[in-house]
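Colleague: Predicted structure and sequence below. I'll ask about it afterward.
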Amino acid sequence: MTNLQSLKIAYIGGGSKGWAKSLMNDLALESRISGTVALYDINYEAANRNAQIGNRISNHEKAKSNWKYEAVTTMEEALSDSDFVIISILPGTFEEMASDVHAPEKYGVYQSVGDTVGPGGLVRALRTIPMFVEIAQAIKRHAPKAWVINYTNPMSLCTRTLYEVFPEIKAFGCCHEVFETQNLLSEVVKEFLDKEVQHRSDIKVNVLGINHFTWINKASYQNIDLMPYYKQFVEKYDETGYEKEEGEWKNSVFSSCNKVKFDLYKKYSLIAAAGDRHLAEFMPPTYLKNPETVAYWKFHLTHVDFRKKDLIEKVNHNEALIEGKKELNLVSSSEEGVNIILALLGVEDLVTNVNYPNKGQIEGLPLGTIVETNALFKYDSVQPVFAGKLPLDIHNMVSRHVINQESILKASLTKDKQLAFNTFVNEPLLAAVNREDAEELFNEMLDNTKSYLAGWDI
């Protein structure tokens, strides 16, 4: 059995300005495992700064474990002898992301995130897939037995690429969107059952769908069926939306009032288990017709200028941490990465939602495609939980995106520009754009990301 006090974690994208600290905090607050984290990033200096922060966190008086963080210059060095591999990268820069998100606006196409589906999500995928081909090949050579946890979007396609290149890989994707829906269901329990839910995991849900377009057809708390209460909750708040504190959604571009989620429940009678910003992009432009429509549904378009400003603030904050000008604040995140690691090491079994190849856990979707359901994590094992079948109307919507994802993967691997474009125009958000305009947009977006598309005829 693996020595729990001498683990090695390879972190691909270890120069992360934000998420890395969450992982470091979670590791520091878990007493049962310790070891080394090798931080690899194409920006070595960013990885080195995170190594300094990580070692400060590890030496914090509240830390319960001893982790050593070191920046490395090659992926091989990070992966060699690793027990776990974490992938969290930004595929490209904010300049490419600005094209993904904002270039379509000239044609009346608005996106609230632009990293999973829609025109931005597909072009981001074309940029990201070659990176994941390289990562998968490196894992196959240097860490074939390691467990691989992916946090990068587009989640489904990144994870799918890993398996396409290295079918024997032990990989899965993690996303916290379902957690927020469990938190919302905790509010349902409080309002209708007058009970306080201690932890979101006390809300038991059956999860089925694909990343960011996930659905719940069963939900319970202490063996009480919550679906009838959720229906009442929607009926009460569908016009105004729901937030724990009035006006809260206006204070963060990542927040919403759940009006899209509630509207989808009214139309399809299942709980859409992702945030409104993501859900809206999987649909025709009902919720994203224009900024005024977005404001009516009480969520936000995330402008890339905001992300650029936020990055500068994070860099400055991290520098202040390194220089000792700011105090470290060790708090546990809402992520489950460390709990999953514990389960795979045999410490404590865990059931949680995960993005994993379909082995029949969702009926009717193609085998091998990446789907999101619950899974049982135990010693050196991930066992998907049988989730059943989506209702036909939802299945039709989900299937369209599954097929688009498979098509864009093939287009990327074969550098087939025509297939990529035909997939691009099959996105629901482009329903109102004529083919000529769509082709003009597609060519512009490819040109804006061509430095990442080696071998393409652009």
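Modeller: Yes, it's here. Owing to the predicted nature of the structure, the values given are computational and were not obtained by experimental measurement.
Colleague: Residue 348: neighbour count?
Modeller: Residue neighbour count, defined by other Cβ atoms under 10 Å, stands at 11 for residue 348. No exception for glycine: its C-beta is placed from N, CA and C like everyone else's.
Colleague: which residue packs closest to it, ignoring adjacent ones?
Modeller: Taking Cβ to Cβ, 6 or more residues apart in numbering as the measure, residue 348 lies nearest to residue 342, with 5.4 Å between them; neighbours along the chain are not counted.
Colleague: quick check: domain ranges of this protein?
Modeller: Domain ranges of the chain: 7-92+119-175, 93-118+176-302+335-458, per automatic domain parsing.
Colleague: Averaged pLDDT, the shortest one. What do you get?
Modeller: Think domain 7-92+119-175. The average pLDDT for domain 7-92+119-175 rounds to 97.
Colleague: Now do the end-to-end distance for it.
Modeller: 24 Å (Cα to Cα, to the nearest Å).
Colleague: let's number from 856 now, not from 1
Modeller: Got it, the first residue is 856 from now on, which makes the last one we talked about domain 862-947+974-1030.
Colleague: Spatially central residue in this structure, please.
Modeller: By Cα atoms, centre = their mean, the chain has its centre lying nearest to residue 1030, at 4.3 Å.
Colleague: What ranges does the stretch 1106-1255 of the chain have for its helices?
Modeller: Taking DSSP state H, counting those that start in this stretch as the criterion, the stretch 1106-1255 of the chain contains helices spanning 1114-1123, 1131-1134, 1146-1151, 1159-1177, 1192-1199, 1247-1269.
Colleague: Take those helices and write them to JSON lines, including mean pLDDT and mean neighbour count.
Modeller: Putting the helices of the stretch 1106-1255 of the chain into JSON lines (pLDDT from 0 to 100; neighbours: other Cβ atoms under 10 Å) gives the following:
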{"stretch": "helix 1114-1123", "mean pLDDT": "98", "mean neighbour count": "21"}
{"stretch": "helix 1131-1134", "mean pLDDT": "98", "mean neighbour count": "25"}
{"stretch": "helix 1146-1151", "mean pLDDT": "97", "mean neighbour count": "13"}
{"stretch": "helix 1159-1177", "mean pLDDT": "88", "mean neighbour count": "14"}
{"stretch": "helix 1192-1199", "mean pLDDT": "97", "mean neighbour count": "21"}
{"stretch": "helix 1247-1269", "mean pLDDT": "98", "mean neighbour count": "18"}
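Colleague: So which of the ones you listed is nearest residue 857?
Modeller: The minimum distance between residue 857 and those falls on helix 1192-1199, with 9.2 Å, by Cβ to Cβ.
Colleague: just checking, what packs against the closest one?
Modeller: With contacts defined as 3 or more Cβ pairs under 8 Å, 6 or more residues apart in numbering; DSSP states H and E, helix 1192-1199 has these neighbours: helix 874-883, strand 939-942, strand 1002-1005, strand 1205-1212, strand 1225-1233.
Colleague: So which bits of the lengthiest helix in the chain are buried?
Modeller: Longest among the helix segments of the chain by residue count, using DSSP state H, is helix 973-997. Burial within helix 973-997, assessed by neighbour count using 16 or more other Cβ atoms under 10 Å, is assigned to 973-988, 990-991, 993-995, 997.
Colleague: Just give me the neighbour total for the nearest residue to residue 951 once chain neighbours are set aside.
Modeller: Excluding its sequence neighbours, the residue lying closest to residue 951 (Cβ to Cβ, 6+ apart) is residue 1304, at 4.9 Å. Residues lying near residue 1304 (other Cβ under 10 Å) number 22.
Colleague: Quick check: residue 1304 vs residue 937, distance?
Modeller: Separation of residue 1304 from residue 937 (Cβ to Cβ, to the nearest Å) stands at 30 Å.
Colleague: same deal with residue 1300?
Modeller: The separation that residue 1300 has from residue 937, given Cβ to Cβ, amounts to 36 Å.
Colleague: Residue 961: which of the helices of the stretch 1106-1255 of the chain is closest?
Modeller: That would be helix 1146-1151 among the helices of the stretch 1106-1255 of the chain, by Cβ to Cβ, at 14.1 Å.
Colleague: And the closest one, how far out from the chain middle?
Modeller: Computed by Cα atoms, centre = their mean, to the nearest Å, the separation of helix 1146-1151 from the middle of its chain amounts to 25 Å.
Colleague: List the neighbours of it that are in contact with it.
Modeller: Where contact means Cβ atoms under 8 Å, 6 or more residues apart in numbering, the residues beyond helix 1146-1151 that reach it are 965, 967, 1135, 1142, 1143, 1155, 1156.
Colleague: show me the contacts for the fifth one.
Modeller: For residue 1143, the contact set (Cβ under 8 Å, 6+ apart) comprises 964, 965, 966, 967, 1135, 1136, 1149, 1284.
Colleague: Number of residues surrounding the third one?
Modeller: A total of 26 residues lie near residue 966 under the criterion other Cβ under 10 Å.
Colleague: now residue 1108
Modeller: With other Cβ under 10 Å as criterion, residue 1108 counts 17.
Colleague: that's a helix at residue 870, yeah?
Modeller: No: counting by DSSP: H, G, I helix; E, B strand; the rest coil, residue 870 is located in no helix; its state is coil.
Colleague: I'd like the mean pLDDT over the helix or strand harbouring residue 1089, please.
Modeller: In this structure, residue 1089 sits in helix 1082-1092 according to DSSP states H and E. Helix 1082-1092 carries an average pLDDT of 98.
Colleague: Could you tell me how far residue 920 is located from residue 1119?
Modeller: Distance, residue 920 to residue 1119, by Cβ to Cβ: 42 Å.
Colleague: swap in residue 1025?
Modeller: 34 Å.
Colleague: ok so, going back, thinking the residue nearest to residue 1203 is in contact with residue 882, fair?
Modeller: No: using Cβ atoms under 8 Å, residue 1197 is not in contact with residue 882; the gap is 10.8 Å.
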